[in-house]
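1. predicted model follows, preceded by the sequence.
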Amino acid sequence: MLNLRRNLLLRAERFRDFGLLVFIIVLSLVIQVRNPTFLTLSNINTLLVNASILSILAVGMMMVLIIRGIDLSIGSTIALSGMVSALTVSLYPTIHPVLSILEGVLVGAVVGTIIGLLVSKFNVLPIIATMGMMNIVRGLTFLVSGGKWISAYQMSVPFKKIATGSILGINTLIFIAVVIYIIFYYFINHTRTGRQIYAVGSNPEAAKVSGIPKTRIIWMVYIFMGALAGLAGVLWVSRFASAQGDTAVGYEMGVIAACVLGGISLAGGSGKISGLILGVILFGILNNALPLINVSPFWQQGIQGAVILAAIIINVLVKRSNERMALRHRVV
Amino acid sequence: MDNYILELRGVSKTFPGVRALDNVRFDLRPGEIHSIMGENGAGKSTFIKIITGVYIPDEGEMLFNGKPVTIQGTNDSQKLGIAAIYQHVTSYPDLSVTENIFIGHEIISKRTKRLLWNQMHAKAKDLLEQLGASFDPKIRMGTLSVAQQQIVEIAKALSVHAKVIIMDEPTAALSNRESEELYRITKKLRDDGVAVIFISHRMEDFERLADRVTVLRDAQYIGTWDKEEMDHDRLVMAMVGREITQMFPKREVTIKKEIFRVEGLGRHGVFKDISFTLHQGEILALTGLVGAGRTEVCESIYGITPFDEGSLWLNGKHITIGHPHEALAKGIGYLPEDRLGQGLILDWELYKNVTLPVLDKFSQNGVLDTHSERERTKEIIELLAVKATSVFDKAATLSGGNQQKLIVAKLLTADLKVIILDEPTKGVDVGAKTAIFNIMGDLAQRGYGIIMVSSEMVEVLGVSDRTVVMKEGRIAAIFETAKTTQEQILRAALGTSEEGLDA
């Protein structure tokens, strides 16, 4: 008789998330001992606010990585969408913040559409397509702004409130990030399209033979990524009350790093929202806590790099032992 | 006369569940072209791989120049002077011809350890000229035609002074004119005293080249003959040899109206003029030698690689298919031959694999109903007796035969009218074979039209209603299976008969 319930033994991969959680707790305790302000409510709030923009981007990047892609252009997309929405606000100060957000999302979605077209229809390698777009979009940002900054005094109060206000007592940025996570958790785990995204990443050939419109799926994922980057752009500019040509240069690497920490494989096909949340939090802690415990800024980057490498190695080891376990359970 | 350069005595090789070679003997004289013939799966590939050291035999002995040798790997065979040239050339397309010839045995200055390119280029040019080829050894391998690349491979064999050269289906990818060139070179090698083992399906190769022929059948040695002793009919008899016993009882199904028709299908350079009909309840076998284009035809019908000309008709209506999801939507399903590559997502749970082609049926407004996915999977894999502990098992944890059943399960969840099965029993044991044929019988009874690609004569004759035989990208013959014999099919596949086309 076959089971319809999940066997506990086959949950081995969950141990990875569990291990990461334990690591985060231990790390937090160690930091707490060194600096008791770490686990205060206000510091946790700061940490989460700082991590929220990155975490929104990480959701999009997770899907891109699942379909065996990568997106290097998101830093530029943040800058362009932020610049466009800030310019609009400076010209029409009465515009509703929700419209500003939609504007940014639209700008990002257009960039994503172009990337998706290049990757899915013209078979340009994702790293090349997005590297090209990274430069084009960055250039566009300077073009539309004429090289000038949009500063706080040019932005309306409601616009700046997007990032600093709160909904139900929670900072808006955190609130938006949580909503995004809930939506995409549901989307990727419980919808047909979500399943197809994993299928395309796990085995593109089998997905094609199973009748999955691979081109459409890949295209869609890049549009989602672009739209999320566009959203992040508006939030970024609102939060820092400044839109610049060189906003978020190199930010994509932090996003990819958070995904890797969260157990998302660059080889595609695997990655879960639960792991991603832990990865983002760990990345946030590394950013937030290392200065708190007086680690020299010269060391901080090196430590971050070492943690990322360690996470990848652990990933490989866990995967290997899972495969071995799977074979042991083969029914002959 | 009996100074053999290579001799095999009582060589056997067993793989899990398969006797790939059974007590085979073979002898090879210097300066002869020795043809090896046999059906698909007769053991020819295993035989070569034992000589070249890819496989190590379980039993038997090998003698080289009369002395017993053990070949434990390809290095050992190379040291003895055995070289192999394959149909699909195993070269480095981005390196130059010279580099390809001398890879692994470069000419190096003794003193400075520097590569002596000028010497190598000169030597390469020399070797190519010996073989009558005039291209520049400095050009990239990838820019050459298959025939030219084979000449480079032969030059490589000569550069290490190979005494035995094995050619595995070398003419399969060549045009007639190129084959002529290869015949000429092969004969020249023989006249220079090299022993050539020539493996080919083509009768013409045998007639034009061979001095002697050894026939294998069902992993066993059948005999060795001088060319003068053999003609077409005797050779085919030797290759077929046995009467087929009904191993898989055919289900009696009344065949109803036409359901699917292929007219003049063609894909440039791959296949041409493929036309056949399929009826409800019918099992149509598509057979031929490996490389005849059977899988390619099926992939085109299913939309994996679209065809260039011709048309498809389903229930009398003209249909177009540009992608597998269109084929599935119209009721045409396909079980790929490469089941690990195309059939399953190995690190996915069974239920996710089974429902993948038909997620529409298990979702409402795009939201998946996992419960019914699991229920349905449970039903269907119990029906097919897939051995698994739960629907959450990863596909990778199943054995080969059970994976095959799982792919069949994928097809059963869809609403199909036409099912294409490409080598459905490849690599599965007899029990699983019988189970798969029973399922096919059930499906035929329920009015499906089934196209089965198979290389196994036993299956073709035992299971199908009609048999389409392909040869080199075209249909060679269509037979009523009940009225045909294995010999007739093999003749058509080898291209030595014109009969049966009227069926």
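-> Arrived safely, thanks for sending.

2. just checking, residue B:465 touches residue B:277?
-> No. Residue B:465 is beyond contact range of residue B:277, at 11.6 Å (criterion: C-beta atoms under 8 Å). The C-beta positions use only the backbone N, C-alpha and C, and glycine is treated the same way.

3. residue B:204: neighbour count?
-> Neighbour count for residue B:204, taken as other C-beta atoms under 10 Å in any protein chain shown: 15.

4. list the helices and strands the strand or helix carrying it packs on?
-> Here residue B:204, judged by DSSP states H and E, is contained in helix B:203-209. Contacts defined by 3 or more C-beta pairs under 8 Å, 6 or more residues apart in numbering or on different chains; DSSP states H and E place helix B:203-209 against strand B:33-37, helix B:176-191, helix B:232-240.

5. please work out which of the ones you listed is packed deepest.
-> strand B:33-37 (a mean of 25; mean count of other C-beta atoms under 10 Å in any protein chain shown).

6. what sits up against that strand?
-> With contact meaning C-beta atoms under 8 Å, 6 or more residues apart in numbering or on different chains, strand B:33-37 is reached by B:28, B:44, B:47, B:186-187, B:190, B:195-201, B:205-206, B:209-216, B:235, B:238-239.

7. next helix or strand past it?
-> Criterion used, DSSP H and E; the element after strand B:33-37 is helix B:44-51.

8. what's the spacing between that following helix and its chain's center?
-> Between the centre of helix B:44-51 and the centre of its chain there are 15 Å (C-alpha atoms, centre = their mean, to the nearest Å).

9. quick check: which element contains residue B:310?
-> Judged by DSSP H and E, residue B:310 forms part of strand B:309-314.

10. same for that strand, what does it pack against?
-> With contacts taken as 3+ C-beta pairs under 8 Å, 6+ apart, strand B:309-314 sits against strand B:258-267, strand B:317-319.

11. strand partners (parallel or antiparallel) of the first one?
-> According to DSSP bridges, strand B:258-267 has the following sheet partners: strand B:271-279 (antiparallel), strand B:309-314 (antiparallel).

12. and the stretch 101-250 of chain A, which residues reach chain B?
-> Contacts of the stretch 101-250 of chain A with chain B, taken as C-beta under 8 Å from any C-beta of the partner chain, map to A:190-196, A:198-199, A:202-203, A:205-213.

13. and with 6 Å instead?
-> Applying C-beta under 6 Å from any C-beta of the partner chain, we find that the stretch 101-250 of chain A lies next to chain B at A:190-192, A:199, A:202-203, A:205-206, A:208-211, A:213.

14. out of the residues you listed, which one sits closest to residue B:113?
-> Ranked by distance to residue B:113 (C-beta to C-beta), these are led by residue A:205 at 44.9 Å.

15. grab the nearest non-local neighbour of residue B:210.
-> residue B:35 (3.7 Å; C-beta to C-beta, 6 or more residues apart in numbering or on different chains).

16. state the distance from that neighbour to chain A.
-> 37 Å (C-beta to the nearest C-beta, to the nearest Å).

17. for the record, mean pLDDT for stretch A:318-331?
-> The predicted model gives stretch A:318-331 an average pLDDT of 66.

18. quick one on the thing from earlier: what's next to the strand holding residue B:310, contact-wise?
-> B:260, B:261, B:263, B:264, B:265, B:266, B:318, B:319 (C-beta atoms under 6 Å, 6 or more residues apart in numbering or on different chains).

19. export it as PDB, just CAs?
-> Below are the C-alpha coordinates for strand B:309-314, written out as PDB (Å, rounded to 0.1, in the frame of the first residue of the first chain):
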ATOM      1  CA  GLU B 309       7.100  19.400 -45.000                       C
ATOM      2  CA  GLY B 310       4.000  17.200 -45.000                       C
ATOM      3  CA  SER B 311       0.900  17.200 -42.900                       C
ATOM      4  CA  LEU B 312      -0.800  15.500 -39.900                       C
ATOM      5  CA  TRP B 313      -4.500  14.500 -39.900                       C
ATOM      6  CA  LEU B 314      -6.400  13.600 -36.700                       C
END
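
20. buried stuff in it?
-> Going by neighbour count (16 or more other C-beta atoms under 10 Å in any protein chain shown), the buried part of strand B:309-314 is B:310, B:312, B:314.

21. stretch A:182-193 too?
-> Result for stretch A:182-193 [16+ other C-beta under 10 Å]: buried residues A:184, A:185, A:187, A:188, A:191, A:192, A:193.

22. most centrally placed residue in chain B?
-> Among the residues of chain B, the one closest to the centroid is residue B:290, at 3.8 Å (C-alpha atoms, centre = their mean).

23. where does the stretch 1-150 of chain A have low pLDDT?
-> Where the stretch 1-150 of chain A drops to pLDDT under 70, the residues are A:1-16.
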